[in-house]
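Participant: Here you go, sequence then predicted model.
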Amino acid sequence: MTDQEPAGPAPPLDDRPTELEVLIPKMLRAGLHLSLVLLVLGVAVRFAAGPHAGPPVTLLALPQALLALDPQGLMGLGVLVLLLTPIARVVASLGYFVKAGDRPYVALTLIVLFNLGLAAALGAA
Amino acid sequence: MTGTCGPPAVSSAPAKGAKRVLRPAPPNRYVPLRPSRGRGRPPIDPTLVALALLTGSVAAGYIGSLLGLGGGFLLVPLMTVALGVDIRVAVAVSIVAVVATSTGSGAASVRRGVTNTRLAMFLEVGTTLGAIAGAFVALSIERGVLVAFFGVALLSAVPFMLRPFRPPAEGNGEGQTLDRVLAPSRLRLAGHFEDATGAMRAYGLHRPASGFSLSAFAGVLSGMLGIGGGIVKVPAMRAVMGAPIQVAIGTSNFMIGVTAAAGALVYFSEGSVDLVLASTAVVGVFVGTRYGTRRAESARADVLGKAFAAVLVAMAATMFLKAAGAIA
């Protein structure tokens, strides 16, 4: 009963992080476009270079592949940039919640970031 | 060259006289991924696979963003059934492509003002953890089981999409302790959005704990099946929490990127992501999403729900045939 908000009166309209609404689409699009350029370049180089046999490049092996000028390195970098794009959005939200002094959401955002780090660590383990 | 060596001989016999201690069985080690198992039929030319995947992922991105999904629900059946890709590679590739879909459609949803940032962050705590767990489940279980599970997951979302939202019944506080502790007013989850007519509509949200649990489950499905998890997240926000369908789809699009990134990080670190297939799929879904999101603005909620249900049934049937061995 008490866990429901009244449907009638409008909730406060200043509750929305409008700064984020401007910043986030720009960030998401920039990251996506950069990763697309890297992925297309990587695929082009890979097919131009001919058949390639070998295990897929992992996150940890990415620097090595890039140094060795392996086309997989370029594609791997594209994938990494792509995965970092929504993560960057979470970091931007963290900045917003810190600035707004919104402690519960600072905590929730930190947990989300921790989970993302955990994913990479557990996958590599 | 000479540095490689086989696994040492296993000597697991307990030392004499050692006291036997009962321990829980060790967890199953997941099987390292083998991109080609040579089962069923001869492998298709990689260039052809990439080209077919490019075309298919354009369609997946288009339909996915139209329905508030990540597109993975089409990509995985396409890769496993039509192109003969190993289900685990398909899941890993799909989840990377799903990040791209969500990034594109999520950006558009934020710009249109139909996302709820707080709601997204709150639910993402559950979805990211779920995605990690799901990815490890997918790496551990039999491939056939994974394919069949994909079919079950698709089918189970159908009734949700056909059922209209019913507000929570009066006086049902019992058994909802968590929902009361996590009072929506405390979490400040309420929001407003501009509807199709340009009018501002305010909305409140109900049952955050139930929404959270369902989102965590959506995360498991996302990491396990390489899908966005919108099949659970959209109904969870719409039917359980009471968000308007536009907000449910918009916030789901927005959340899927982070959820899928968690699953994708597991697969990428583990070495399951076929980079050529992933790159091709990402480019394809990017193109498809651009058109799908534009089209979604003028789509009607009830038509979306029915279209969504029909696509789910078709995909589920295909996956069951695959699991049963009727399709190579």
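Facilitator: That came through fine. Note that the structure is predicted; figures quoted are calculated from it, not measured.
Participant: Select the longest helix from chain A.
Facilitator: Scanning chain A for the helix with the most residues, using DSSP state H, yields helix A:18-48.
Participant: helices or strands up against that helix?
Facilitator: The elements that helix A:18-48 packs onto, with contact taken as 3 or more Cβ pairs under 8 Å, 6 or more residues apart in numbering or on different chains; DSSP states H and E, are helix A:71-99, helix B:87-111, helix B:275-296. Placement of C-beta: from N, CA and C, glycine included.
Participant: centre of the chain versus that helix, how much separation?
Facilitator: 11 Å (Cα atoms, centre = their mean, to the nearest Å).
Participant: got it, and stretch B:215-228?
Facilitator: The answer for stretch B:215-228 is 4 Å, by Cα atoms, centre = their mean.
Participant: Alpha carbons of that stretch, in CSV - could you do that?
Facilitator: Written as CSV, here are the backbone C-alpha positions of stretch B:215-228 (Å, rounded to 0.1, in the frame of the first residue of the first chain):
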residue,chain,number,x,y,z
SER,B,215,16.5,-7.5,-14.1
ALA,B,216,19.2,-9.7,-12.5
PHE,B,217,17.5,-12.7,-14.2
ALA,B,218,17.6,-10.7,-17.4
GLY,B,219,21.3,-10.2,-16.9
VAL,B,220,21.8,-14.0,-16.5
LEU,B,221,20.0,-14.6,-19.8
SER,B,222,22.0,-11.8,-21.4
GLY,B,223,25.4,-13.3,-20.4
MET,B,224,24.3,-16.8,-21.1
LEU,B,225,22.5,-16.4,-24.4
GLY,B,226,24.2,-13.4,-25.9
ILE,B,227,21.0,-11.4,-26.0
GLY,B,228,20.2,-7.9,-24.7
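Participant: returning to what we had before: show me what counts as buried in the longest helix of chain A.
Facilitator: Of the residues in helix A:18-48, A:20, A:23-25, A:27-29, A:31-32, A:34-36, A:38-43, A:45-46 count as buried by neighbour count, 16 or more other Cβ atoms under 10 Å in any protein chain shown.
Participant: Confirm that residue B:201 sits in a strand.
Facilitator: Yes: the assignment for residue B:201 (DSSP: H, G, I helix; E, B strand; the rest coil) places it in a strand.
Participant: Now do the longest helix of chain A, average pLDDT.
Facilitator: Helix A:18-48 shows a mean pLDDT of 89.
Participant: How about stretch B:54-69?
Facilitator: For stretch B:54-69, mean pLDDT rounds to 77.
Participant: Please apply the same query to stretch B:124-140.
Facilitator: Summarised as a single mean, pLDDT over stretch B:124-140 is 95.
Participant: mind showing which ranges of the chain have poor pLDDT?
Facilitator: Let's take chain A. Applying pLDDT under 70 to chain A flags residues A:1-17, A:51-54.
Participant: nope, chain B
Facilitator: The low-confidence ranges in chain B, as defined by pLDDT under 70, are B:1-44, B:64-65, B:67-72, B:157, B:160-161, B:163-186, B:293-302, B:326-328.
Participant: Okay, strands next: where are they in it?
Facilitator: Using DSSP state E, the strands assigned to chain B run over residues B:191-194, B:200-203.
Participant: Contacts only, for the closest residue to residue B:225 other than its chain neighbours.
Facilitator: Among residues not flanking residue B:225 along the chain, residue B:150 sits closest, at 5.2 Å (Cβ to Cβ, 6 or more residues apart in numbering or on different chains). Listed by Cβ atoms under 8 Å, 6 or more residues apart in numbering or on different chains, the contact partners of residue B:150 are B:76-77, B:87, B:225, B:319.
Participant: Kindly report the same for residue A:32.
Facilitator: Each residue near residue A:32 by Cβ under 8 Å, 6+ apart is listed here: A:82, A:85, B:100, B:103-104, B:107, B:286.
Participant: Format the residues you listed as JSON lines; extra columns: neighbour count and distance to residue B:244.
Facilitator: As requested, the contacts of residue A:32 are exported to JSON lines (neighbours: other Cβ atoms under 10 Å in any protein chain shown; distance: Cβ to Cβ, whole Å):
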{"residue": "A:82", "neighbour count": "30", "distance to residue B:244": "30"}
{"residue": "A:85", "neighbour count": "27", "distance to residue B:244": "27"}
{"residue": "B:100", "neighbour count": "32", "distance to residue B:244": "26"}
{"residue": "B:103", "neighbour count": "33", "distance to residue B:244": "23"}
{"residue": "B:104", "neighbour count": "27", "distance to residue B:244": "22"}
{"residue": "B:107", "neighbour count": "27", "distance to residue B:244": "20"}
{"residue": "B:286", "neighbour count": "23", "distance to residue B:244": "27"}
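Participant: And the residues you listed, which two are furthest apart?
Facilitator: The most widely separated members of these, counting by Cβ to Cβ, are A:82 and B:107 (13.2 Å).
Participant: about what we covered before: quick check: angle from the longest helix of chain A to helix A:71-99?
Facilitator: Using axes from the mean of the first three to the mean of the last three Cα atoms, to 10 degrees, the inter-axis angle of helix A:18-48 relative to helix A:71-99 is 170 degrees.
Participant: Tell me the buried residues in the helix or strand that comes right after helix A:18-48?
Facilitator: Counting by DSSP states H and E, the next helix or strand C-terminal to helix A:18-48 is helix A:62-67. For helix A:62-67, the neighbour count (16+ other Cβ under 10 Å) marks A:62, A:65 as buried.
Participant: and helix A:62-67, anywhere near chain B?
Facilitator: No: using Cβ under 8 Å from any Cβ of the partner chain, helix A:62-67 stays clear of chain B, coming no nearer than 8.8 Å.
Participant: Pull stretch B:191-198 out as CSV, backbone CA atoms only.
Facilitator: Provided in CSV are the C-alpha atoms of stretch B:191-198 (Å, rounded to 0.1, in the frame of the first residue of the first chain):
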residue,chain,number,x,y,z
GLY,B,191,10.1,10.3,-14.0
HIS,B,192,8.4,12.0,-16.9
PHE,B,193,8.7,11.8,-20.6
GLU,B,194,7.4,13.5,-23.7
ASP,B,195,4.8,11.2,-25.4
ALA,B,196,4.1,10.9,-29.2
THR,B,197,1.7,13.9,-29.1
GLY,B,198,4.4,16.1,-27.5
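Participant: How far does that stretch sit from its chain's centre?
Facilitator: 27 Å.
Participant: Alright, calling it a day.
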